[in-house]
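A.B. asks: whatever this is, show me its structure:
(chains A and B)
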Amino acid sequence: MNIKSYRLLRWLGNGLVYFILTAFAFVMLFPFAYMLSTSLKIPSDTFRYPPRMLPRDPVSQAVPGYDEPLPLYYVLVNGEKTQFALAQSNLKVGRYAPAENLSQVVERRLTEVRPTGGAMNPQSVTVDGKEQKLFDVTVDGQVIPMILVSQTTVGEFVNPQNPQEKVYQNVRLSEPVENVSAHPENYSDVIALRGLDRALTNTALVTILVVLGQLATSVIGGYAFARLRFAGRDTVFVLYLGTIMIPFVMLIVPLYQLMVFIGWTDRLVSLVMPWIFTAYGTFLMRQHFITFPKEIEEAALIDGASRLQILSKILIPASVPALATQSTFTFLYAWNSFIWPLIVINVGNEENHVLTLALNVLRGRASDTPNLILAGAAIAILPPLVVFILGQHFFVESVASSGVKG
Amino acid sequence: MTHPTQAHTPNAALPLLAAWRGLFAVLAATLAALLWTNQAPADLALWLKIVFSLVLGLAALLSLFAIFHILRRSHTGRSLALGLDYLGFVASFVTVLHLGQVFVGIDSFADTFGRGIPALGVVLLGYLIDAAGERSPFNGTQTTLRQIGRWVALIGFGFFLWQVSALQGILFVASSLANPAGFTALGSAAIFGLALWGMWRNPAAQALNSKNQHEAMLNGWLFLSPNLIGFLIFFAGPLLLSFYFSFTDSDAFNPPNWVGLENYAKILNIRFAGLESATQLARDVVDIKIYDEVGRLTWGSGGILFAAADKFFWLALRNTLTFALFAVPLSVLPALVLANILNSKLPGMKFFRAVYFLPSIAAIVGISLVWQWLYNATIGYINYFITLGIEFWNAAFNAGLVDPKIQWVSDEKTALFAVILIAAWQTVGFNTVLFLAGLQNIPGELYEAATVDGAGAWDKFWRITIPMLAPSTFYVISTTTIQAMQVFEQVFILMNPAEGPNNSTLTLVLYLYRSGFVNFKQGYASAIAWVLFIVIFGLTLLQFQRQRKSSIYEA
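C.D. replies: Numbers count the residues shown, from 1 in each chain, chains lettered A, B, ... in the order given. Sure, this is the predicted structure:
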């Protein structure tokens, strides 16, 4: 193989790699893009088929002679696509043709056409063995008796510059004039609709308390496991390790009864307290502290520092990345948790709903407005994404290390 | 620091501390006795009475034991006394918080917290200024910036306290405590605190011959205690309670009755029966007063009927296992491929890694709502893409494929698969990062040696990458399986009703939730939880065995 073809092959291989990666990236990002785009649409736009990514609005224009601005549509005038305003919809239109030549069809509004011979004495004609009523239809100033072939509904479109110029055509088949425009007010609407602002502050408060509380207990607990020697330490550590694999759903029943017993059901505190004391967080902090060089600590001990001083003055400042990682983990867990709030916070008590619960209620009550539902979903999803992007560096690395050591 | 040489120093506080131990023992014993008179709260369950009496009785005995050791000047007395007083202090302090309505007050705090968020932003700003000052290379600006930062943070925090009406909160807590119960709790917290302080101080330590190793032990338990106490109350205790409940008919509100193995017997009561024809009715072969048909396997002229006393459990188990069987490979195999691609040294790989990671951090509830609309049979994007694909195919190859227009969530054949796709989409990025870390730990020399020996890329992948990646693979597969066995949220949000058409998306956790919190058969729900745990444990063990057999690489 010569160098040239080797390079070409390599270039093609890299192209394939990037193609696969981009395709996967598209799959991963598409639902987020769909969420954002839909959350900025108006309801009618969300139900359109085929679906479109960019949110669009129908365009209206003020037309002389009409009180309100009229929606614009594209209509064919002399074979040219022109923007006309829809003045009236649901107009009943009959398609008329002379009995002797059924292919010569003209369209007239039902109200414009009178029966031949007047309403009292209508005339009729027999076509294909069927008796058909005759109507007086004016074509180019001439009155011709015709029969009604079929009926349809059309809209009356007027030229916005010259309202006398009218065109009739089917509204549904007409293409509306639209421009790309976002509706960020969906976000404020959904917040007002379901008290999502309160749910947002509830979630934020619960998350902050859980993150701070869990960090505090797991840092000092992890330090005790890593650095202090005491009778019973290893037994307790094995106990902790053994419970890490136990799924949380094992606990929902007894924990709920515990909350009933204390009187914490329906209270935000029930979303905070059980999450502050975790075996897993303590285990992670222990794994971190154990890698810290012992010598520094021993020197500080000889200088008369207490354990708490060593922890707060030496170890914690040196462990910011590990603490940030664990906080991010806890943040995501607390922010996204659903089954426990669903169990312990009453459906009726919307004051104490967290975001995930509020979304669950919203799903049922606003099922005809996907734009609002997805705006709510975006409110729940975006803050964790921001936290992730800010803490990305720490976070991905540490997920990786948890797997290697795991 | 204590000095053993100064042992046997007389200490004035010691007799007082010993006397307090005596009083403590008497009080604890009295309280335990009072629980069995009509002074006790009437709604206290019997088992709680027993637990409380045992705890108090044990505390009284230990306290007497501590007196004995204190008088003998042994450090055991000090450790015991510190332990008892510490627990007493924690209990009184928590009671103070409880009576002061601090815990339930979080609700009122949440009411005003929203107003304080901008002020928290100011605090953050102050912190950032401080951090900027710390990194500043100039000494002058360093101190100035740090000072400014601290003041900004302090003012921001003060503003926050004012915005959330902190003063009113404190006044409310104080007024809630201004009653006999509140004063008792405050008083006992103070007494326990005082006793702790007296025993902790150096004079007492020296008098009781405390050595460095004893100090280390006390420190260790002290540091571990916040986490350990919470862990026992909110994890280990409930876990034991769950085991107990699984033998009762508990309904969360009335005292539970012991029913023995009844719950487990109902779950596991199954029956297989031979069928004479494929369409034979279940009532002809099993007692349908007890059993419901779960499914049947038929062939030619016969078959086997599978019936169970609780058919929903077995349907849920079937669905959950099916879910795991598809969701795990779908989220592990693409992850393995992607990780191998991302491990190349091409530019932009960190970007793709971050993009793939995004779905795993988004709230499952929100994600499921998004997918619900993507799955919409008439206007959803998924069916739209399928239609586009089929039109393209038909045009390109002149084929006559018919657009299936899949009713994703309302067709019982596809409902579970729809949930599987969401779960796979959400976990694949997380698994990719785990695999990537495993790959980066494989020493490059192995590949170099293989290249020298003339191995191709394919050989290297199968002979080096796969075996060396076995620990990561084990970790990825077992965590993904454990997660998959607990699938709940996607189903709960996506399906309406949650069990899906014809129970096709009824999962074990959903059934557990139904039994425990819709029908309030919490004893039964606990039994389901333990069966679920055994299934998960068994699957993990199975993978562990296979990993040990197949791996040549010791982690």
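A.B. asks: B:Asn394 - that's part of a strand, no?
C.D. replies: No: B:Asn394: not assigned to a strand; according to DSSP: H, G, I helix; E, B strand; the rest coil it is helix.
A.B. asks: skip the chain neighbours and tell me the closest residue to it.
C.D. replies: Leaving aside its chain neighbours, B:Asn394 sits nearest to B:Leu401 (5.6 Å; criterion: C-beta to C-beta, 6 or more residues apart in numbering or on different chains). Just so you know, the C-beta spots here come from the backbone N, C-alpha and C atoms, and that holds for glycine as well.
A.B. asks: show the contacting residues for the one you found.
C.D. replies: Going by C-beta atoms under 8 Å, 6 or more residues apart in numbering or on different chains, B:Leu401 touches B:390, B:393-394.
A.B. asks: so where do the strands sit in the stretch 51-200 of chain A?
C.D. replies: Taking DSSP state E, counting those that start in this stretch as the test, the strands found in the stretch 51-200 of chain A are A:56-58, A:60-61, A:70-77, A:80-97, A:106-109, A:114-115, A:124-127, A:130-139, A:142-158, A:166-169, A:175-176, A:178-180.
A.B. asks: who does the fifth one touch, helix- and strand-wise?
C.D. replies: Going back to what we said before, that points to strand A:106-109. Secondary-structure packing of strand A:106-109 (3 or more C-beta pairs under 8 Å, 6 or more residues apart in numbering or on different chains; DSSP states H and E): strand A:80-97, strand A:130-139, strand A:142-158.
A.B. asks: make CSV out of those strands and add mean neighbour count, mean pLDDT and distance to B:Gly105.
C.D. replies: Putting these into CSV (neighbours: other C-beta atoms under 10 Å in any protein chain shown; pLDDT from 0 to 100; distance: least, C-beta to C-beta, whole Å) gives the following:
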stretch, mean neighbour count, mean pLDDT, distance to B:Gly105
strand A:80-97, 17, 84, 58
strand A:130-139, 15, 82, 80
strand A:142-158, 17, 84, 61
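A.B. asks: same list (those) but as a markdown table, adding distance to B:Glu499.
C.D. replies: A markdown table is the format used below for the helices and strands packed on strand A:106-109 (distance: least, C-beta to C-beta, whole Å):
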| stretch | distance to B:Glu499 |
| --- | --- |
| strand A:80-97 | 43 |
| strand A:130-139 | 56 |
| strand A:142-158 | 43 |
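A.B. asks: just to revisit the earlier point, which SS class is the residue nearest to B:Asn394?
C.D. replies: Taking three-state DSSP as the rule, one finds B:Leu401 in the coil state.
A.B. asks: from chain A, how far off is it?
C.D. replies: Distance, B:Leu401 to chain A, by C-beta to the nearest C-beta, to the nearest Å: 18 Å.
A.B. asks: gap between that residue and B:Thr387?
C.D. replies: B:Leu401 sits at a distance of 10 Å from B:Thr387 (criterion: C-beta to C-beta, to the nearest Å).
A.B. asks: what about stretch B:263-276, average pLDDT?
C.D. replies: Stretch B:263-276 shows a mean pLDDT of 90.
A.B. asks: ignore the last one, stretch A:367-378
C.D. replies: Mean predicted confidence for stretch A:367-378 is 90.
A.B. asks: buried stuff in it?
C.D. replies: The neighbour-count check on stretch A:367-378 (16 or more other C-beta atoms under 10 Å in any protein chain shown) flags A:369-378 as buried.
A.B. asks: ok, stretch B:402-414 next?
C.D. replies: Residues of stretch B:402-414 classed as buried: B:406-409, B:411, B:414 (neighbour count, 16+ other C-beta under 10 Å).
A.B. asks: closest to chain A out of those?
C.D. replies: Of all the buried residues of stretch B:402-414, B:Val409 has the smallest distance to chain A: 12.9 Å, by C-beta to the nearest C-beta.
A.B. asks: you'd agree the closest one is up against B:Met495?
C.D. replies: Yes: with contact defined as C-beta atoms under 8 Å, B:Val409 reaches B:Met495; the gap is 6.1 Å.
A.B. asks: give me the common contacts of the two.
C.D. replies: In contact with both B:Val409 and B:Met495: B:Ala415, using C-beta under 8 Å, 6+ apart.
A.B. asks: what about the strands in chain B?
C.D. replies: Assigned by DSSP state E, the strands in chain B fall at B:270-275, B:292-299, B:302-308.
A.B. asks: the last one pairs with which strands?
C.D. replies: In other words, strand B:302-308. strand B:270-275 (antiparallel), strand B:292-299 (antiparallel) (DSSP bridges).
A.B. asks: contacting residues around the last one?
C.D. replies: Strand B:292-299 has contacts (C-beta under 8 Å, 6+ apart) with B:270, B:275, B:278, B:282, B:286, B:303-311, B:314-315, B:318.
A.B. asks: cutoff 6 Å now
C.D. replies: B:278, B:282, B:303-308, B:311, B:314 (C-beta atoms under 6 Å, 6 or more residues apart in numbering or on different chains).
A.B. asks: distance from the chain centre to it, please.
C.D. replies: 37 Å (C-alpha atoms, centre = their mean, to the nearest Å).
A.B. asks: averaged pLDDT, it. What do you get?
C.D. replies: What strand B:292-299 shows for mean pLDDT is 85.
A.B. asks: stretch A:312-323 too?
C.D. replies: Stretch A:312-323 shows an average pLDDT of 86 in the prediction.
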